[in-house]
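Peer 1: Give me the fold of what follows.
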Amino acid sequence: MDTLWQKPRDVKYLVNLLPRSCFMWVGMNGEYVELLLKSRPSEADWARFSTYARRVRTLDVHCYAKGGDLPIHWCSILRSFPGNQPLPRLRSMHWEWSPDYGCLHSALLVRPPLQRLHFGAMDVRGLKQIIEVLPSCASTLEHLRIGKRFRSASEPELAERLWQTLTKLQRLVGLDVSLYVPQAFCHLASLSNITSLHLLLDSADTEDTIAPFPALKSLELSVNTHMDAPAKLLRRMVLPTLEHLNIIDDFLPRAAIPMPRANAAHVRLTLQEVAKVTSLRSFMFKCHGHTSTAPTEALDASALSPLHDLRELETLDVGALAVSMVAADVEPMARAWPRMQNLQLYQRHAIFGTDLPCVLEVADILPFADLCPHLRELGLLVHIGPPAAPLDDDSELPAHAALKTLRAAISLPPFTPALRILARTFPAAELKGYGYAPDRDEAVNEAKKALVHELYGTQFENTDG
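Peer 2: Okay, here's the model as predicted:
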């Protein structure tokens, strides 16, 4: 019974613990989607609720258009609870609710012993309420995530209040906050236990000197301002233990928000600063923004050459940069990253909005087989089709059984010379073409499977995992 109630699938299960004389459900399309109050529960009415509520450890409230008033009415019921905390053993709460004022009511549950707290996008009123109650969890809260529906610049005093409040949460190890202020890192300096940090940068301004982050392992920067912001920030940061870094071009495609044009020069500067964090095991550059923010010139593989110093890299995803490559670029990369497990160098809908010419042949990527023994996923613009020149005999090529996924540019019908090399060198790899074409992918994988069977028999069958 304890296990069943540790994470209720729906708030409605908790509501149904109260007598039906206190509420009623209103149905729509065969579902109970709206909660209406009939009377406030008495102290005696809470007895059954308390028996089960003390078992709850995790609560997820996801409420959008359908049943949108449920959290409001439920919290109205909870306000008559005779104790301090209706869910006295709650450890984790995720509150995602589309009406902005919903977070006003969730504050009722922000109490010790809460350890994890995740709020979706909230408005100003909701954030003010949360700022008031957060200090009550200072002794227990370890992970905090706060979204928002407005820019920091529109509410600078509120953003500053939030950051001042965060300094009181000394047990925090994970912080994800979408309200940035130029003094953010001054406040963060007092949170010495932070190991994971996600910030949305909507200003390029920051302090000239930033205190070291001795425990920080994971950093994600969502950039909603000029693309020189990450380079400026990383140049000022001391990150001796950082292992995971994500940079996300997160320009919002709204006319009211200026969207300065990022360019290749700023990307190069950013990559140069990233290369100085030699402890990195994972680096990703993503793009979620509007294509109008794309660099105006293509990057070639020389832009990635500073990253060759990151010898501990296991994951590198810079597909959003659509770096163009030639055969001579492959071996230096393979030699630079002997621990690489997931390497993504191209994606079809990159921020340039156009496709690059495909110049790599299957034979050109073989250095990855020789020099990256742990490689499991590879994505780059290599052509699986008729070769531009006769292929050398492949009988001496070693089998790289670790590779499970190869994303490439696939031509149909599947051409045996190129596929034969892939079958011998990457026998366990599933081929995935760019763009949605399941029939094409299925055809080329069936042809490759037949070649693998011809070369190795059943040795590489059932190699998933």
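
Peer 1: Output the below-cut-off pLDDT ranges for the stretch 251-400 of the chain.
Peer 2: Residues of the stretch 251-400 of the chain that meet the criterion pLDDT under 70 lie in 251-263, 288-298, 347-358, 385-398.

Peer 1: can you map out the helices along it?
Peer 2: Ranges of helices within the stretch 251-400 of the chain are 264-274, 330-336, 366-371, based on DSSP state H, counting those that start in this stretch.

Peer 1: Kindly reformat the ones you listed as CSV and extend each row with mean neighbour count and distance to residue 25.
Peer 2: (Glycine included, C-beta is placed from N, CA and C.) Below are those laid out as CSV (neighbours: other C-beta atoms under 10 Å; distance: least, C-beta to C-beta, whole Å):
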stretch, mean neighbour count, distance to residue 25
helix 264-274, 19, 53
helix 330-336, 18, 60
helix 366-371, 19, 58
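
Peer 1: okay if I get the ones you listed as JSON lines plus distance to residue 95?
Peer 2: Below are these laid out as JSON lines (distance: least, C-beta to C-beta, whole Å):
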{"stretch": "helix 264-274", "distance to residue 95": "34"}
{"stretch": "helix 330-336", "distance to residue 95": "44"}
{"stretch": "helix 366-371", "distance to residue 95": "45"}
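
Peer 1: Tell me which of these sits nearest to residue 212.
Peer 2: Nearest to residue 212, of all the helices of the stretch 251-400 of the chain, is helix 264-274, at 15.8 Å by C-beta to C-beta.

Peer 1: so what does the closest one touch, helix or strand wise?
Peer 2: helix 229-236, strand 244-249, strand 282-287 (3 or more C-beta pairs under 8 Å, 6 or more residues apart in numbering; DSSP states H and E).

Peer 1: What lies in contact with the last one?
Peer 2: Right, strand 282-287. Residues from elsewhere that reach strand 282-287 (C-beta atoms under 8 Å, 6 or more residues apart in numbering): 243-249, 267, 270, 274, 293, 307, 310, 313-318, 320-321, 350-351.

Peer 1: these two touch, right, residue 264 and residue 300?
Peer 2: No. At 9.6 Å, residue 264 does not count as touching residue 300 under the criterion of C-beta atoms under 8 Å.

Peer 1: list the contacts for residue 247?
Peer 2: 220-221, 223, 230, 270, 274, 284-286.

Peer 1: Separate out the buried members of those.
Peer 2: Among the contacts of residue 247, those classed as buried by neighbour count (16 or more other C-beta atoms under 10 Å) are 220-221, 223, 230, 270, 274, 284-286.

Peer 1: Would you mind naming the residues that bridge with residue 285?
Peer 2: residue 247 (DSSP bridges).

Peer 1: Specify the helix with the largest residue count in the protein.
Peer 2: Longest helix in the chain, counting residues (DSSP state H): helix 438-456.

Peer 1: Could I get the average pLDDT for that helix?
Peer 2: The predicted model assigns helix 438-456 a mean pLDDT of 89.
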